[in-house]
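A.B. asks: fold the following for me, if possible:
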Amino acid sequence: MNQLGFPLLSLVLWLPTLGALALLLVPRENVGAQRILALLFALAALAASLPLYFLFELGKGFQFADALPWVPSWGIGYGVSIDGVSLWLVLLTTFLTPITLISTWDSVHKDFRSFQILMLLLETGMIGVFVAQDLFLFYIFWEFTLIPMALLIGIWGSANRVRAAVKFFLYTFAGSVFMLLGIIALYLLNRQATGTGTFDIATLQQNLASGALKLDTTAGRLLFASFFLAFAIKVPLWPFHTWLPLAHTEAPTAGSVILAGVLLKLGGYGLIRFNLQLFPEAARWAAPAIGVLAVIGILYGAMVSFAQTDMKKLVAYSSVSHLGFVVLGIFALNQQGIAGALLQMVNHGLSTGALFLVVGYIYERRHTREMSAFGGLWKVMPVYGGLALAMVMSSVGLPGLNGFVGEYTIMQGTYLSEALGGGFVAFAVIGVIFAATYLLRMFRLTFMGDVTTPENAELRDISPRETALLVLLLVPIVVIGVYPNLLFAPMQPSIEGIAQTLSAVVASVR
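C.D. replies: The predicted structure is shown next:
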């Protein structure tokens, strides 16, 4: 039930789309007006989303609900709401989008209006995934995000942009087909068991928990696998990750920021919302195997990152490693692990999004991302160097910054997990050490030492606008590191309910 009597969440969801439609009325050559209009709608969505946090009632379930019948004869409805799991992901999306739009002002040099339209449409798609409470609606938003992201890569990307866009689209679409089959099967099984067809997530979850919809072991595990494959590709979890480095490397800077910052989080969110909540027994059964894949991803991503000479490829492969921690925390199947995973999704969006901006800034000036082309940048670009170091330390997990809290909570949850255990923590710790190694090596080769290349000696420091974008990202990085309960408090009641169900399932098989 919407406690405000006003469709606030729907306003947040559709404001970016209204902005995209408004941009169509602006002449294509009037880039200045396009910049301002796109930014105004993105800021309006951010402003509308802030009351979601301040009015969010701790201890309650889904809030700010809006519901309308859509195709009632098929059990399809427009239903949106948020709980502690989705709140911060919605806010992350509305926070990063205006920052990303501003970053395009000097980096997008062709068909600027279309770029802004696709970015705003992508924002609506991503928010829709986080707030949809109808499986059919969720799937529409999930699939819709593929279109603007693939176009952003394929049109405005680097030399291999078309190959990267096609690979991104085919991988994620192939996984989505399996999820669609799972959604249809769940709908049909529920109609057969209860006599009513529905795509409402809460109703399906209630029917599964109460036994009104009974799944045998095989059916439950097959449905779990159909959802898991789509989400594992999106995370991306090793070995489903191979589309990511190419997509990140070839995407424009803004595309990389929003891809790392939000789009990858759709997979982690789906694992929590559907795989854990709808199929807890199958999640318990699959947890050790998925934990192994997560640990392999942590170590593999770190080792491959160390071998990179291209800064953007290094940051791209680091996402495979960092998001391995997220999957490990989710399948610890306890409150600490899931809370840590959710926090780390937000942390990764901030720190890795910032690192892609850092790489993009220097690429715009030197048109190369090879670390060997630099050295001594801190001497000629001290502001840039200082902010880059802060973002590197955030990604490393320095105590006092956001990354430390998320990684520590995940490892605590994994250590206490009855589904996983201490052995997984030992490998995860090695991954943390590797992360410090490759990130600090990148910083040393790029920023430290003497300036040996004449082109680098003439570089200007980053502009006040570029500085402001990194500072805006640095503020929540520090705030979360110093006061993580700001994020933990709203999410804990929702996560506690999920964890209690999972704990009961784990205890039943001991």
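A.B. asks: what packs against the top helix by length along the chain?
C.D. replies: Secondary structure of the chain per DSSP state H: the longest helix is helix 161-194. In terms of contacts (3 or more C-beta pairs under 8 Å, 6 or more residues apart in numbering; DSSP states H and E), helix 161-194 is packed against helix 135-144, helix 146-156, helix 201-210, helix 217-234, helix 243-250. Using the backbone N, CA and C atoms, a C-beta is placed for each residue, glycine as well.
A.B. asks: on contacts alone, who are the packing partners of the second one?
C.D. replies: On a contact count with 3+ C-beta pairs under 8 Å, 6+ apart, helix 146-156 meets helix 112-131, helix 161-194, helix 253-258.
A.B. asks: again with the shortest one
C.D. replies: Using 3+ C-beta pairs under 8 Å, 6+ apart as the contact definition, the elements that helix 243-250 packs against are helix 161-194, helix 311-330.
A.B. asks: what packs against the shortest one?
C.D. replies: Packing partners of helix 311-330 (3+ C-beta pairs under 8 Å, 6+ apart): helix 243-250, helix 265-270, helix 280-306, helix 335-366, helix 402-416, helix 422-447.
A.B. asks: now the angle from the fourth one to helix 243-250?
C.D. replies: If I follow you right, that is helix 335-366. Per axes from the mean of the first three to the mean of the last three C-alpha atoms, to 10 degrees, the angle that helix 335-366 makes with helix 243-250 is 30 degrees.
A.B. asks: mean confidence score for helix 335-366?
C.D. replies: Averaged across helix 335-366, pLDDT comes to 91.
A.B. asks: ok, the most centrally placed residue in the chain - contacts?
C.D. replies: Central residue of the chain (C-alpha atoms, centre = their mean): residue 265, 2.3 Å from the mean position. Residues near residue 265 by C-beta atoms under 8 Å, 6 or more residues apart in numbering: 89, 92, 345, 348-349.
A.B. asks: what's the residue nearest to residue 61 when sequence neighbours are not counted sitting at in phi/psi?
C.D. replies: Ranked by C-beta to C-beta, 6 or more residues apart in numbering and with sequence neighbours excluded, the top spatial neighbour of residue 61 is residue 83, at 5.7 Å. The phi and psi values for residue 83, taken as degrees, to the nearest 10, are phi -130, psi -170.
A.B. asks: would you mind confirming that residue 83 is in contact with residue 62?
C.D. replies: Yes. The pair residue 83 / residue 62 is scored as a contact, 4.8 Å apart, by C-beta atoms under 8 Å.
A.B. asks: can you pull the buried residues of the helix or strand harbouring residue 64?
C.D. replies: Per DSSP states H and E: residue 64 is located in strand 63-71. Of the residues in strand 63-71, 63-66 count as buried by neighbour count, 16 or more other C-beta atoms under 10 Å.
A.B. asks: export it as CSV, just CAs?
C.D. replies: Extracted in CSV, the C-alpha atoms of strand 63-71 (Å, rounded to 0.1, in the frame of the first residue of the first chain):
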residue,chain,number,x,y,z
GLN,A,63,6.7,0.4,0.7
PHE,A,64,5.6,3.2,-1.8
ALA,A,65,3.6,0.6,-3.7
ASP,A,66,1.8,1.5,-6.9
ALA,A,67,-0.5,-1.1,-8.6
LEU,A,68,-2.7,-1.1,-11.6
PRO,A,69,-4.3,-4.0,-13.5
TRP,A,70,-2.7,-4.4,-16.8
VAL,A,71,-3.8,-7.7,-18.4
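A.B. asks: now do the helix or strand just after it: which elements does it pack against?
C.D. replies: Counting by DSSP H and E, the element after strand 63-71 in chain order, helix or strand, is strand 76-82. The contact analysis (3+ C-beta pairs under 8 Å, 6+ apart) places strand 76-82 against helix 8-23, strand 63-71, helix 112-131, helix 135-144.
A.B. asks: pLDDT of strand 76-82, averaged?
C.D. replies: pLDDT averaged over strand 76-82 gives 91.
A.B. asks: now the angle between strand 63-71 and it, please.
C.D. replies: Going by the same axes, to 10 degrees, strand 76-82 makes 170 degrees with strand 63-71.
A.B. asks: how big is the angle separating the helix or strand following strand 76-82 from helix 335-366?
C.D. replies: Next helix or strand after strand 76-82 toward the C-terminus (DSSP H and E): helix 84-103. For helix 84-103 against helix 335-366, the angle by the same axes, to 10 degrees is 10 degrees.
A.B. asks: chain center to helix 84-103, what's the gap?
C.D. replies: The chain centre lies 10 Å from the centre of helix 84-103; the measure is C-alpha atoms, centre = their mean, to the nearest Å.
A.B. asks: ok, now stretch 225-239?
C.D. replies: Centroid separation for stretch 225-239 versus its chain: 13 Å, with C-alpha atoms, centre = their mean.
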